[in-house]
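Need coordinates for the following:
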Amino acid sequence: MPKCSIIPYILFVVLLIPDGACVKKYSPPAIQAAHNYLVVDGFINTAAGGVTTITLSRSKNLMDSVLNIPELGASVLLIDSINGINYTLLDTAGTGKYSSTPLYLNQANRYAIFITTSNGIQYKSAFTSPKITPPIDSLTWQQSPITNGVNINVNTHDPMNSTHYYRWDFLETWQHNAPVMTYWVLDHGFVEPLSALPLEDPRQTFQCWTTAASNHLVVGNSVGLSQDVISLQPINFIPANDDDYQKVGNYIQNFENKVRKVEDFN
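Model prediction:
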């Protein structure tokens with residue numbers, strides 16, 4: 001008698017659940033609360049004729065569409081602990097950046113910042129001794145096939161071995177070249193030729209420039225090293241698919257070393 005083999009069949013049941021039926025968006029209360037904290041960012045510039053700039057703004061939630069909330073109408077004073085002189089910082093442009101006139105501060109003295117906001121709330125920092133920023137040794141760039149772009153790096157060191165904590169800010173200026181050179185210009189309603197050296201003519205429209213400040217925080221430290229040296233610290237990256245990468249004729253960056261204290265990293 002022939003034997004019959006029973007082949008088991010496994011039935012898979014797939015349930016199609018509409019998108020979003022079981023997944024709900026969760027926004028923690030911490031990112032929704034309107035804390036409106038005062039944010040103070042700046043450095044006291046003790047170089048001869050240096051200008052001290054303090055930027056005041058308000059904190060915002062992660063979901064806020066506004067890019068920046070400047071603190072306007074505040075009173076900002078730079079106070080010298082030795083002679084009691086107060087230096088006023090003014091926000092002349094109405095952007096929340098309060099700057100002094102060129103000052104000649106004594107680097108041996110201690111200084112504090114005293115802030116009074118437009119609603120009368122006062123803030124005062126502790127008096128602190130200035131730290132002298134070592135100069136930048138060099139600025140290098142490297143085209144990387146791995147990251148598909150250009151890496152810009154900075155090198156610096158402190159021979160006194162006393163800095164250790166650094167922050168870098170920079171301004172970048174792009175020179176843009178139009179695809180086609182023009183030798184004529186519309187000047188007060190009249191079409192006129194440019195001069196024999198068109199690129200030196202102030203009316204030329206072949207080249208233009210854009211300048212922007214760094215929009216990300218770049219910090220570094222040499223705490224784990226035997227010497228206070230920062231080597232090839234990544235500062236900026238320009239991707240190859242960036243429009244500016246392909247259109248640029250010249251690229252200039254103005255970098256500035258800024259010393260940070262250990263308290264800023266804790």
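
Run a quick neighbour tally on Gly220.
17 (other C-beta atoms under 10 Å). In this view, the C-beta of every residue, glycine as well, is placed from N, C-alpha and C.

thought it was touching Gln233?
Yes: shown here, Gly220 and Gln233 form a contact pair, counting by C-beta atoms under 8 Å, at 4.9 Å.

so how far is Leu139 from the closest residue to Ala212 other than its chain neighbours?
Counting by C-beta to C-beta, 6 or more residues apart in numbering, the nearest residue to Ala212 once its immediate chain neighbours are dropped is Glu172, at 6.0 Å. As judged by C-beta to C-beta, to the nearest Å, Glu172 and Leu139 stand 12 Å apart.

So for the two, which sits in the more crowded spot?
Counting neighbours by other C-beta under 10 Å for Glu172 and for Leu139 shows that Glu172 has the greater number, 18 against 15.

Give the pairing partners of the helix or strand that one falls within; include direction for each.
In the assignment (DSSP states H and E), Glu172 maps to strand 165-177. Using DSSP bridges, the strands paired with strand 165-177 are strand 207-213 (antiparallel), strand 218-221 (antiparallel), strand 248-259 (antiparallel).

Buried residues of it, list them for me.
Buried residues in strand 165-177, counting neighbours by 16 or more other C-beta atoms under 10 Å, are found at 165-168, 170, 172, 174.

for the chain, what are the low-confidence residue spans?
1-22, 30-31, 242-266 (pLDDT under 70).

The same query, at a cut-off of 90, please.
1-36, 43, 60-68, 83-84, 131-133, 141-151, 169-217, 236-266 (pLDDT under 90).

Which segments of it make up each domain?
Listed by automatic domain parsing, the domain ranges of the chain are 35-124, 136-265.

Throw the ones you listed into TSV and include distance to Pro130, thanks.
Output for the domains of the chain, formatted as TSV (distance: least, C-beta to C-beta, whole Å):
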stretch	distance to Pro130
domain 35-124	4
domain 136-265	9
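
Among the ones you listed, single out whichever gets nearest to Lys25.
Closest of these to Lys25 is domain 35-124, at 10.8 Å (criterion: C-beta to C-beta).

End to end on the closest one, go ahead and measure it.
For domain 35-124, the first-to-last residue distance is 20 Å (C-alpha to C-alpha, to the nearest Å).

got the residue ranges for the helices in this protein?
Assignment of helices within the chain using DSSP state H yields the ranges 243-247.

Would you agree the residue nearest to Ala212 is in contact with Asn215?
No: assessed by C-beta under 8 Å, Glu172 is found out of contact with Asn215, at 10.1 Å.

Now do the shared contacts for Gly220 and Gln233.
166, 168 (C-beta atoms under 8 Å, 6 or more residues apart in numbering).

Burial check on the closest residue to Ile152 other than its chain neighbours, number of neighbours?
Excluding its sequence neighbours, the residue lying closest to Ile152 (C-beta to C-beta, 6+ apart) is Asn236, at 4.4 Å. Using other C-beta under 10 Å as the criterion, Asn236 is surrounded by 19 other residues.

Check Ser226 too.
Neighbour tally, Ser226, other C-beta under 10 Å: 7.
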